[in-house]
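need coordinates for the following:
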Amino acid sequence: MLSVPTLWTVFVINFLAVGLIWAYVAHSYPNLEAARFWTASCFAAAAGAVLAMLRLVAAGSLLPLLAGGVVMIFAACLAAMGVKRFYGKPVSWRATFLITGLSCAGLIFFIAFHDSLSMRVLVFSIGQSLPLVLTLKLLLSPHQGHVNPGARLAGVVAALMIAIYAVRAAGNLFGVDFAFTDANLAHAVLTLALIFLSMAFNFGFVLMAMDRLRNEVADLALLDDLTGVGNRRHLVQRLSEECARSARSGEPFALLVIDLDGFKAVNDTHGHAAGDACLQHFTLMAQTRLRAGDMLARTGGDEFCIVLPSSTLREGAMIARRVLQVCHSDAEACVGSEIPIAVSIGVAQWTRETGTFPDRLIAAADHALYAAKKEGKNRYAVYDAAAPLAPEAEEMPAVADGLRRLA
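Prediction:
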């Protein structure tokens, strides 16, 4: 026979250990708000188990069971709140206190006014299961087209825990003694199963957090440190995706290659801090002229690219005009030591000849940018697919629709 006090001691030690781990995670990663709820849930579960264990030394009193049961139901609610915060959902303390309060009221009623073990077990089982039920959809549903493996594990474990509570409640209703504080085999097996499942449940949360942090690190690897927009790696990744998509559907998309005019002189005259400020300011201005789904990336130095999904050359030229206009308006408003920003832009469109090779599209947009620079800068040019990609300076061809100057 498994020792009941030993099992409950293991239960407490398990939750204390996991709680300390989550406390460290919450301290190390303050943006992972869910970790704070999971920390509180573990410590609350350990406290509830300790209170319930007092039943073993306070024979005849059901008060320890009442207190322990209520605290453990509260712990389950905290775990559910952590899942919601993990997925960016709002949490409701009102719902938590309602579930905990109603469970407490039910337990008190079936202790003080109508003594019924089976009904107390039913109330406790419902109170423990309800928060788990409310999180099952979040845990098992795909998010952004991706099912988190840790969430799937936590969801499966939650379902098993709900099943155990259901079996326990049904067993007591039909006369099978599943009391958690009696030294019998049924109680020992259920307690051992819940210890195992609680560890697996929290391990699922750990995997969820690891997956989230890994994705955040991957996202940081695709961002430019100075401006916060995509970097060259992100641009190539996005262009490869768009090229593959267009190769399948035949739908074009456009690319803008942008170069800040006279940027070296800004660094030489005003210093690199001023140059960095110009890059950041241009980033903010350009983003105000982009549409939902457009991507701005800094590819190095003073060079930027804009990917325009599902866009024609004409639509690309329209976005180029918008970017030029906002820079022109900002330059006219400059006073004193403020540095005006001027840009040259090359516009190209994906074609069947581009295929799945983004470097061909980049070369075409670079060619148009070269044309805009040769024509005096502070303007845009669109790529003429009939012209060679590397013309000699004295043989610069006209670009499609000509060169647009800023009016």
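
quick one: the helices in this protein, in order.
4-28, 33-53, 63-86, 93-108, 117-140, 149-173, 185-220, 232-249, 263-270, 272-287, 313-332, 358-374 (DSSP state H).

so who does residue 201 touch?
79, 154, 157, 158, 161 (C-beta atoms under 8 Å, 6 or more residues apart in numbering). Quick note: C-beta positions are derived from backbone N, CA and C, even for glycine.

closest to residue 264 out of those?
Using C-beta to C-beta, residue 154 is the member of these that lies nearest residue 264, at 54.2 Å.

tell me which of the helices of the chain lies nearest to residue 350.
Among the helices of the chain, helix 232-249 comes nearest to residue 350, with 4.9 Å by C-beta to C-beta.

separation between residue 92 and residue 80?
Distance of residue 92 to residue 80, given as C-beta to C-beta, to the nearest Å: 10 Å.

ok, these two, which is more surrounded?
residue 80 (26 against 12; other C-beta atoms under 10 Å).

now that one: how far from residue 39?
Using C-beta to C-beta, one obtains 14 Å as the distance from residue 80 to residue 39.

and residue 343, by the same measure?
The gap separating residue 343 from residue 39 is 50 Å, by C-beta to C-beta.

the more surrounded of these two?
Just comparing residue 343 and residue 39: by other C-beta under 10 Å the higher neighbour count belongs to residue 343, 26 against 22.

ok, the more buried one - contacts?
If you count contacts by C-beta under 8 Å, 6+ apart, then residue 343 has 258, 259, 260, 261, 282, 323, 324, 327, 378 around it.

among the residues you listed, who's most crowded?
In terms of neighbours by other C-beta under 10 Å, these top out with residue 258 at 27 neighbours.

dump the helices of the chain into CSV; add mean pLDDT and distance to residue 302 as well.
Shown next, in CSV, are the helices of the chain (pLDDT from 0 to 100; distance: least, C-beta to C-beta, whole Å):
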stretch, mean pLDDT, distance to residue 302
helix 4-28, 89, 37
helix 33-53, 93, 38
helix 63-86, 93, 40
helix 93-108, 95, 50
helix 117-140, 91, 44
helix 149-173, 88, 42
helix 185-220, 84, 22
helix 232-249, 93, 14
helix 263-270, 88, 4
helix 272-287, 93, 7
helix 313-332, 93, 13
helix 358-374, 94, 12
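
which stretch among those helices comes nearest residue 384?
Nearest to residue 384, of all the helices of the chain, is helix 358-374, at 8.1 Å by C-beta to C-beta.

what helices and strands are in contact with the closest one?
When contacts are defined as 3 or more C-beta pairs under 8 Å, 6 or more residues apart in numbering; DSSP states H and E, helix 358-374 packs onto helix 232-249, strand 254-260, strand 343-349, strand 379-382.

mind listing what's buried in that helix?
358, 360-373 (16 or more other C-beta atoms under 10 Å).

equivalent analysis for stretch 3-13, please.
4, 7, 8, 11, 12.

quick check: the farthest pair among those?
4 and 12 (12.8 Å).

ok, the most centrally placed residue in the chain - contacts?
Central residue of the chain (C-alpha atoms, centre = their mean): residue 212, 6.3 Å from the mean position. Residue 212 is in contact with 32, 86, 148, counting by C-beta under 8 Å, 6+ apart.

among those residues, name the buried ones.
Among the contacts of residue 212, those classed as buried by 16+ other C-beta under 10 Å are 32, 86, 148.

would you check that the first one makes contact with residue 25?
Yes: with contact defined as C-beta atoms under 8 Å, residue 32 and residue 25 form a contacting pair (6.7 Å).

which residues are common contacts for those two?
By C-beta under 8 Å, 6+ apart, residue 32 and residue 25 have these common neighbours: residue 209.

test my guess that residue 121 contacts residue 172.
Yes: counting by C-beta under 8 Å, residue 172 is a contact partner of residue 121 at 4.3 Å.

neighbour count: the two, which is higher?
residue 121 (23 against 20).

so what's the residue nearest to residue 61 when sequence neighbours are not counted up against?
Computed as C-beta to C-beta, 6 or more residues apart in numbering, the closest residue to residue 61 that is not its neighbour in sequence is residue 55, at 7.3 Å. Contact partners of residue 55, counting by C-beta under 8 Å, 6+ apart, are 61, 62, 64, 65, 68, 181.

try residue 347
Here residue 347 is in contact with 254-256, 313, 316-317, 320, 365, 368, 380-383 (criterion: C-beta under 8 Å, 6+ apart).

picking that back up, can I get the helices and strands packed on helix 358-374 in CSV with distance to residue 18?
Output for those, formatted as CSV (distance: least, C-beta to C-beta, whole Å):
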stretch, distance to residue 18
helix 232-249, 37
strand 254-260, 50
strand 343-349, 54
strand 379-382, 58
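
the ones you listed: which one's closest to residue 222?
Closest approach to residue 222 among the helices and strands packed on helix 358-374 (C-beta to C-beta): helix 232-249, 3.8 Å.

just the CA atoms of the closest one, as PDB, please.
Below are the C-alpha coordinates for helix 232-249, written out as PDB (Å, rounded to 0.1, in the frame of the first residue of the first chain):
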ATOM      1  CA  ARG A 232      18.500  41.700 -45.500                       C
ATOM      2  CA  ARG A 233      17.900  38.200 -44.300                       C
ATOM      3  CA  HIS A 234      14.300  38.900 -43.800                       C
ATOM      4  CA  LEU A 235      14.000  40.600 -47.200                       C
ATOM      5  CA  VAL A 236      15.500  37.700 -49.000                       C
ATOM      6  CA  GLN A 237      13.200  35.300 -47.100                       C
ATOM      7  CA  ARG A 238      10.100  37.400 -48.000                       C
ATOM      8  CA  LEU A 239      11.100  37.800 -51.600                       C
ATOM      9  CA  SER A 240      11.700  34.100 -52.000                       C
ATOM     10  CA  GLU A 241       8.200  33.500 -50.600                       C
ATOM     11  CA  GLU A 242       6.600  36.100 -52.900                       C
ATOM     12  CA  CYS A 243       8.500  34.800 -55.900                       C
ATOM     13  CA  ALA A 244       7.300  31.200 -55.300                       C
ATOM     14  CA  ARG A 245       3.800  32.400 -54.700                       C
ATOM     15  CA  SER A 246       3.800  34.500 -58.000                       C
ATOM     16  CA  ALA A 247       5.400  31.600 -59.900                       C
ATOM     17  CA  ARG A 248       2.400  29.400 -58.900                       C
ATOM     18  CA  SER A 249      -0.400  32.000 -59.400                       C
END
